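Chemist: turn this into a structure:
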Amino acid sequence: MFALTKVQFKPSGALVSMVVRNDIIAVALDNNHVLRIDLSNPAEIEGTAPPATTRAAPALCASI
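Modeler: Alright, predicted model coming up:
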């Protein structure tokens, strides 16, 4: 059912969470990157990067 093999993989951050389903691994890293690895083609790793910069929304003040 399972087979273990060694691979060369060096993530860009520390591993926070990992989910495996239907031969796809989703990896969440501490630097807010999410990686998707299709085990039928592990050489191609898809990923998302966090937005470059985001401005904080202004605080809303309600006067009573």
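Chemist: closest to the centroid, which residue in this structure?
Modeler: Nearest to the geometric centre of the chain sits residue 34, at 1.4 Å (Cα atoms, centre = their mean).
Chemist: for that one, give its distance to residue 26.
Modeler: Residue 34 sits 7 Å away from residue 26, going by Cβ to Cβ, to the nearest Å. Just so you know, the C-beta spots here come from the backbone N, C-alpha and C atoms, and that holds for glycine as well.
Chemist: could you do residue 2 as well?
Modeler: For residue 2, the distance to residue 26 - Cβ to Cβ - is 18 Å.
Chemist: next one: residue 16
Modeler: On the measure of Cβ to Cβ, residue 16 and residue 26 end up 11 Å apart.
Chemist: how about residue 18?
Modeler: Taken as Cβ to Cβ, the span from residue 18 to residue 26 is 7 Å.
Chemist: equivalent analysis for residue 36, please.
Modeler: Shown here: residue 36 relative to residue 26, a distance of 6 Å by Cβ to Cβ.
Chemist: compare neighbour counts for residue 2 and residue 26 and give me the winner.
Modeler: Under the criterion of other Cβ atoms under 10 Å, the comparison of residue 2 against residue 26 puts residue 26 first, with 14 against 3.
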